[in-house]
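Undergrad: Fold the following for me, if possible:
(one chain, ligands or ions: 1)
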Amino acid sequence: MWYQRYFPYHKREHTRTFLYFGAANYLARVWLNGTKLGEHVGGFTPFDFEITGRVADGENSVVVEVDNTRRADGVPSIHTDWWNYGGLTRSVEVVEVPEAFIQDYSLHLAKSGKGGLLEGWVQLNGGVPGLEVFIEIPDAGINYKSPISPNGRADLSLDVNDVACGKKPRAKCRDSLELWTPEAPKLYRVTIRAEGDYVTDEIGFRTVEARGTQILLNGKPIFLRGICLHEEAPFRGGRAFSEEDDRTLLTWAKELGANFIRLAHYPHNETMIRLADQMGLLVWDEVPVYWEMDFKNPATLENAEAQLRDVISRDHNRAAVALWSLSNETPISTERTAFLKSLAEYARQLDNTRLITSASDKAEHPDDEHAALNDPLGEYLDVIGLNEYVGWYGKYRPEDADKMQWKFAYTKPVIVSEFGAGAAYGLHGDTDTRFTEEYQTNLYRHQIAMLQRIPSLAGMTPWILMDFRSPRRTLVGIQDYYNRKGVISDRGQRKKAFYVLQKFYQEKATRSTASNPAP
Ligand code: GCB
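TA: All right, here's what the predicted structure looks like:
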């Protein structure tokens, strides 16, 4: 697909200009006024080109070629169970900044045990060394400055109890910062100033950790009542990209009683993450390392690393994001595990304040009453993600879940990151008839009972919030190119299973917060 757009621009002195793309699926080549600016690979992360000195005063022409040909060495590769919409799927913007500008910053609570310490950094582009960065958080009474080192970076480390309490006795203001939680998603207005530039953001502060088989939010165990979603627009199909699309999806997740969403299987648009921050939904943020891929190929690893780096850079100030997911259902091999181990190390190097996970479907069934996940990838993760379709794929019926006991090779928190069954909204029958709402509802009942018997269960994200388009789902009159495992149809109709899950989540929310006992 080729795009062309003319745009007027009026140059201003002492500024720099960038052409920014929210996402282009998959390979994008960009020209400005006939000169090639560059290329970008990967369909779900932002990229930009500096056009200072190239952008004309007056009319400009931008041309973009986007090629979504599937590639065996791509990320994702050839096969996906989603409609992999091509072209420009998010907005394109001209961004003007001062000559020296704030390129990126990170501000977060230090891990527990360190008291009320905020830490992070600010990275300048084009800055003059020796000057200072200023951080203001008026609601917390914070006014802080830090020197900029010769490489344009300022490291931040501030004790909230010192800066936020004014003249109050220290002991009284130990808890002066209101922490972000799904129930009370407090965001602070933060202003960062340096040189002639400033940035204003809304940032929440919280900690996320794993201890034994529990996930802790702000030091307390939390059970993640989740749901998976694709970035599929409700009612009309196509990519969800507007605030209205995103808000509809997240409002449905809230109505379900969720405090957590798994954004499958690639980085969703930035508004989705910002809304999750505002609405109080913790996020599993994933890169599209999906099914079979060219795990032996160093260029494929570099590609996956770049996508991970760019989504971390985009979302690392969002309190909602709790987990970086490296992959989904990759076949076990030495090369694949080495590939994902490298990705895990890279993710920790870029951000050590969140948990690393991956979804594996490689469970074994030694007999009909036992299931075990022994995927060696577990060694490199903080949280084990399990996709299991007992009662849908394979020989088991939903009722067989009643006697199934799960075992995990690693003593870590487990999130059951997928289970589900297809059902066409409005199709009714008995609980043995596939694709009826009754089959799906029955499966949810038996699954919920089974999952509650997993001692290390820290959360779950059934598959999936809403029916979504997929080229693989060809059953005429039922699927019609839609994966029908949604608890809501693509027209927004709630299926019966929606209410079963909602009831479970409502009960869960009113009972204790954590399912699994302290180790
Ligand atoms: C899975 C995949 C997901 C599919 C789903 C299904 O295990 O992770 O991408 O869409 O199953 O519906 O089969």
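Undergrad: drop to CA atoms for contacts and neighbour counts, all remaining ones
TA: Noted.
Undergrad: contacting residues around the residue nearest to the spatial centre of the chain?
TA: The residue lying closest to the centre of the chain (CA atoms, centre = their mean) is Asp285, at 1.7 Å. Asp285 makes contact with Arg262, Leu263, Ala264, Tyr266, Pro267, Val321, Ala322, Leu323, Trp324, Ser325, according to CA atoms under 8 Å, 6 or more residues apart in numbering.
Undergrad: what about the second one, neighbour count?
TA: The number of residues packed near Leu263 is 22, by other CA atoms under 10 Å.
Undergrad: ditto for the fifth one
TA: Counted with other CA under 10 Å, residues neighbouring Pro267 total 28.
Undergrad: Repeat that for the first one.
TA: Other residues near Arg262 come to 26 when the count uses other CA under 10 Å.
Undergrad: Next up, identify which helix or strand it is on.
TA: strand 260-263 (DSSP states H and E).
Undergrad: What is the subsequent helix or strand relative to that strand?
TA: helix 270-279.
Undergrad: quick one: average pLDDT of that following helix?
TA: Taken as a whole, helix 270-279 carries a mean pLDDT of 98.
Undergrad: Just the angle for the helix or strand following it relative to helix 270-279, thanks.
TA: Where DSSP H and E defines the elements, the next helix or strand beyond helix 270-279 is strand 282-286. Orientation of strand 282-286 against helix 270-279 (axes from the mean of the first three to the mean of the last three CA atoms, to 10 degrees) gives an angle of 160 degrees.
Undergrad: which residues of the stretch 1-150 of the chain fall in strands?
TA: 2-9, 15-21, 24-25, 27-32, 35-41, 47-50, 58-67, 87-88, 92-98, 101-109, 117-125, 132-137, 142-147 (DSSP state E, counting those that start in this stretch).
Undergrad: tell me the most buried of those strands?
TA: Of all those, strand 24-25 has the most neighbours on average by mean count of other CA atoms under 10 Å, namely a mean of 26.
Undergrad: Contact partners for the closest residue in space to Arg473 that isn't next to it in sequence?
TA: Residue nearest to Arg473 in three dimensions, not counting chain neighbours: Tyr481, with 4.6 Å by CA to CA, 6 or more residues apart in numbering. Listed by CA under 8 Å, 6+ apart, the contact partners of Tyr481 are Arg469, Ser470, Pro471, Arg472, Arg473, Thr474, Leu475.
Undergrad: gap between the last one and Val75?
TA: In this case it means Leu475. Leu475 is 28 Å from Val75, where distance means CA to CA, to the nearest Å.
Undergrad: okay, these two: which has more neighbours?
TA: Neighbours were counted for Leu475 and for Val75 using other CA under 10 Å; Val75 has more, 24 against 11.
Undergrad: tell me the contacts of that one?
TA: By CA under 8 Å, 6+ apart, the contact list for Val75 reads Gly42, Pro288, Val289, Tyr290, Met293, Thr300, Asn303, Ala304.
Undergrad: now swap in Leu501 and tell me
TA: Leu256, Tyr444.
Undergrad: quick one on the thing from earlier: now, of the contacts of Asp285, which are buried?
TA: With neighbours counted by 16 or more other CA atoms under 10 Å, the contacts of Asp285 contain buried members at Arg262, Leu263, Ala264, Tyr266, Pro267, Val321, Ala322, Leu323, Trp324, Ser325.
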